[in-house]
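Visitor: next come a sequence and a model predicted from it.
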Amino acid sequence: MGAKKGGKEDAVEDMPHVPLKAILLADSFTTKFRPITLECPKVLLPIVNTPMIDYTLAWLESANVEEVFVFCCSHSKQIIDYLDKSKWVNQPNFSVSTIESHNCISAGDALRFIYDKNVINGDFVLISGDTVSNMILTEALQEHKERRQKDSNAVMTMVIKQSKPSQITRQTRLGTDELFMAIDPATKQLLYYDDKSDDQKGTLTLDKAFLAENPSISVHNDKQDCYIDICSPEVLSLFTDNFDYQHLRRHFVKGLLVDDIMGFKIFTHEIHSDYAARIDNFRSYDSISKDIIQRWTYPFVPDVQFSLNNPTNLERHGIYRASEILQSRSAEIGPFTYIGKGSSIGGKTVISNSVIGDGCKIGSNVLIDGCYIWNNVTIEDGCNLKQAILCDGVVMKSGSVLEPGVVLSFNVVVGQEFVVPAYSKVSLLPQPVTQDSDEELEYADNNSGIIHTIDTLENGNSRTEWESSEVGIGGRGFIWSMSEVDHEEEWRHSVAPIPETKLIELTQMVFDNLELNIQDDIVLAVPGEQESGNESDDDNIDDSLQIFEKEIEATFLRAVHEKVKDDHIILEVNSLRLSYNLALEDCASALFYSMMKLALDTTHTSPASLVKNANDVMSRYGKLLKPYLQSVDGEIEVILKFEEMCSESAKEFAAVFVQILHMLYDKDIIQEEAILNWAEEKEGADESDKVFVKQSEKFIQWLNEASEEED
Amino acid sequence: MPDTHALVSDFLNKLKKRKIEGSKATAKLTAELLRSVISQQRLPNTNQAGALIHAIKAIGDQLTAANPVEVAVGNIVRRVLHIIREEDVSLTTASIGGLSLQGLSDDDDDDDNPLVSAAAAAAAARTTLRPPSLQTLLEDIPPHSAAASAAAAALHHSSSSAGDSEDKTKSTDKNSRSRKLKHNVIEAVNELIQDIATCHELIAEQAVEHIHHNEVILTLGSSGTVIEFLCAAKEKKRSFRVFVAEGAPRYQGHTLAKELVARGLQTTVITDSAVFAMISRVNMVIVGAHAVMANGGVIAPVGLNMVALAAQRHAVPFVVLAGIHKLCPLYPHNPEVLLNELKSPSELLDFGEMSDCMDFGTGTGSPLLHVVNPAFDYVPPKLVSLFITDTGGHNPSYMYRLIADYYSADDLVLQQRPTS
């Protein structure tokens, strides 16, 4: 007893004394799992016969998290009921409490809601209820804490894992788009995050400034975002401050990375031997199921009882068998298969790479490959199922066929000898007519939907409205129609592997794109990983400088015509400067250029009136230049610009160069020192360059004398 | 009671999550848990031993189910059950001694009641006191049902009748006796915990008899017992060399080598696959074990079967060090025994590097790559030359006899579900 206590205390010592809390979002705020999620919350969907939320909670418990707040939104009642019945409540050292809200339509809303509840006061783990992981949190937590002590702006640590995306489809194993991340290799700070690559071309455009500011960055496309974040309490208040943040990654992470005013930083923690992944769509459902069966998630595997899952035996070839299975002698169970408690399997049935839940009845001569069959499903003789998901209570009448990628929601009945076409989604609930344009919405009209189901179920067979063309004679269910675009993209997120033809198409596309990339050298192609040092592209700068000058000129002229206030002009010029990322000097010369242009364009008859125009302009707008002329260099830049004007674009000024220079000197726009420096600089230049220096020789001499007198 | 409940569920949780590893740690924690369960268990007036056994069995059932691969848990549960039975019997015999004397002196012939009860008590004493033999086994098996539960019931019945008879005669003695039983059992369990704690030392004491000057010893993986054993020999001024096979994929051999070097032993690290090449230079193979089965077979860290075969090929003695808590009264073919556990493939290969082989989005969608990472090997008894336990060196064929000393046959099957 004593020794045991001692052991426990050791473990506690590594942890902070503040209980570690976690926010578990039991709602994904997406519609990827529709139509199933119309009837059942996503986190309660079974993956290898155990609800997803159990994996997440089991992990949180093993990671020494002491308090979990489960945020429920859609179908909150089902989740709360499930948790009440589960073993997670009434656990010592691990409390699970639910937070319920029905107004939230995004993760951002949820976090704002939790912030209002004021339950989080220390670091917390932010995770969604569909994450499967076995990582050890201690190290990441320690890193996060240490960083926080040094820099209070390090608000978040993001867990990432190496995982290569497919070369052809530009899509990760988990069916999400290829993800680009730029990470500072020394500090592990996240500098760039982009999960929407340009039209799957595998190209990535980085800002030059970004390369200039960071001495070294490494760009990765082989990192998988595990969606496990260790956050400081500031994260919640950030969500409250920025009420337009909805999506955790798209808005929050990118928002923080772009916004350099507050200076908040996000860091990454890479896990190597541990597993972590989030079930985001049907494809990842398939991949993660297979990972679990292959035991990457150990100890959260079916034969270890980490939640209320049934005791299961692991046999050779990765076959998991729960108790009380009736299996015909001639049935053939292939590798990597899970068979749940109390299921029966008829003769000559072949099952491979599939998960079969509890209490399923499978007839004879059935062919099942790569399917996920949940509980109490009846499959009659002679059916053929390939890569499909069958929810609870589905009945497949004899001889029916499911083509790859089919999803049958709860209690659907497929009629005799009926072939359900590939990628179709069938549900007892009709498809919501008004599809919300905003895909973030998950739970629209679900309450009415549930009542509707119950009605239909009670009426049972008395309803004859099911069209036999959709699910066959005697079948029940609506096939959800997909818009053309959706249908095209359906293969991406389906449980079925991508068909051969699509792959060939994609390969072709990749080759085309490669050629395109070679021609287009501005875009930085990213093959795997690239270490890039401090480099900048001179051609680009020249290009953008010209555009910038034009912009400034336009701005200035507009300001003159519309009589905009000086402050506003400065503000506009500043924002232009930032967006083109140029120096103050560039602004000064550009602004000066536009002023002179203005003077030139104002009607004038003689050089004298030109000087007068210039004088007018300068006395009106001269002070605009002030903020940009803080150093002698800037002033020299202005003189050089003027010189360039005189010799190239506005030759009329050439005659009055000295006068204007003198005027500038009088108006304190250019100081004596700058003029002298300019003259000095020009001394070594070609004769042709010296034209204006010679012109202003007298003026310079006068300046020299004046300064000597002062001495 | 709620306290023990919490303790049990906490321990169960840890076992389930595979938070506790290593047979010694589990054995110790199990024994400590059972001790606190016993001390807090309220006993009825009659049939105290039966109640205690029932309680322990119920917990033991859960514990073994929580992590079937840790056989040490089951071993300790059975040991504790055996202790309870023995203590009960010694108390019963002590009282029966007086009782039967009384009965005999009171009325010699036809008075039924005391005679019957005395006979029952004697029967109870006989079943529990007799050394294990074929006859006992045969007698204990009732005609209608499985051996274990019925035998337990028989004992249950007999000891309760013993209690009844005693109830009549010596009711005043009861309270003190109940306390005495509990006290004795706890005392014995304490001894057991002590044994587990000191088994390393007891085994290590024998090192000098086995390791000789200038010998070359080969071992695989890491075992606390082996470290102590080797170091004990070193302390006795034996100079010898140790080959350590690294024990992929966990590479515990590396930590072992570190430890040995820190203690000043001449150590050579080799790969697991080099064992056969090196074995001809080796004088003795000394390894630890995960569990020792009743037939003398060993469940050991993966790779040891290969080492044992290599040792046999070159006639090198294969010595297994095992604390007595690793001795499992079951045979490897028993259905209750889970011989192996498959661990995460991430110990073998890096997920990130191999992730393109596991892209189920392309190709047939069926996994072509399968990584198997078993934790244990089974070494058959014929390959083991000698077991060194805390009670001395034994032949594999002697194991069943040791088991009879430490376990009672009634407890071999802990699961109550199939029979009841």
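Guide: Arrived safely.

Visitor: from now on I want contacts and neighbour counts done on CA atoms only, so please keep to that.
Guide: Noted.

Visitor: pick out the residue nearest the middle of chain B.
Guide: Of all residues in chain B, the one closest to the mean position by Cα atoms, centre = their mean is residue B:75, 3.1 Å from it.

Visitor: now do the contacts for the residue nearest to that residue when sequence neighbours are not counted.
Guide: Counting by Cα to Cα, 6 or more residues apart in numbering or on different chains, residue B:328 is the residue found nearest to residue B:75 once chain neighbours are left out, at 5.7 Å. For residue B:328, the residues meeting the contact criterion (Cα atoms under 8 Å, 6 or more residues apart in numbering or on different chains) are B:71-72, B:74-75, B:291-294, B:403.

Visitor: how about a cut-off of 6 Å?
Guide: Remark: with contacts taken as Cα atoms under 6 Å, 6 or more residues apart in numbering or on different chains, residue B:328 is in contact with B:75, B:292-293.

Visitor: how far away is it from residue B:292?
Guide: Distance of residue B:328 to residue B:292, computed by Cα to Cα, to the nearest Å: 6 Å.

Visitor: for the stretch 451-600 of chain A, what lies in contact range of chain B?
Guide: Proximity of the stretch 451-600 of chain A to chain B is confined to A:497-498 under the rule Cα under 6 Å from any Cα of the partner chain.

Visitor: which stretches in the stretch 451-600 of chain A count as strands?
Guide: Counting by DSSP state E, counting those that start in this stretch, residue ranges of the strands within the stretch 451-600 of chain A are A:478-480, A:524-525, A:529-532.

Visitor: pLDDT on the last one, on average?
Guide: Mean pLDDT, computed over strand A:529-532, is 44.

Visitor: re the thing from before, checking the residue nearest to the centre of chain B next. Helix, strand or coil?
Guide: Residue B:75 carries the three-state label helix when classified by DSSP: H, G, I helix; E, B strand; the rest coil.

Visitor: pLDDT score for it?
Guide: As predicted, residue B:75 sits at a pLDDT of 91.

Visitor: could you do the one 5 residues further on as well?
Guide: Turning to residue B:80, the model gives it a pLDDT of 91.

Visitor: residue A:290 too?
Guide: Residue A:290 carries a pLDDT value of 91.

Visitor: what of the one 5 residues further on?
Guide: Per-residue confidence (pLDDT) for residue A:295: 91.

Visitor: cool, and the one 10 residues further on?
Guide: Note on residue A:305: pLDDT of 81.

Visitor: mind checking what secondary structure it has?
Guide: Recorded secondary structure, residue A:305: coil (three-state DSSP).

Visitor: burial measure for it, as a count.
Guide: Residue crowding around residue A:305 was assessed by other Cα atoms under 10 Å in any protein chain shown; the count is 20.

Visitor: residue B:288 bridge partners, please.
Guide: According to DSSP bridges, the residues that bridge with residue B:288 are residue B:321.

Visitor: list the contacts for it?
Guide: Residue B:288 sits next to B:223, B:320-321 when contact means Cα under 6 Å, 6+ apart.

Visitor: same thing with residue B:269?
Guide: B:243-245.

Visitor: would you map out the domains in chain A?
Guide: Under automatic domain parsing, the residue ranges defining each domain of chain A are A:19-284, A:285-294+A:301-493, A:538-710.

Visitor: figure out which of those is closest to residue B:16.
Guide: Among these, domain A:285-294+A:301-493 comes nearest to residue B:16, with 6.1 Å by Cα to Cα.

Visitor: re the thing from before, what's the closest of the domains of chain A to residue B:203?
Guide: Ranking the domains of chain A by distance to residue B:203, with Cα to Cα as the measure, places domain A:285-294+A:301-493 first at 33.7 Å.
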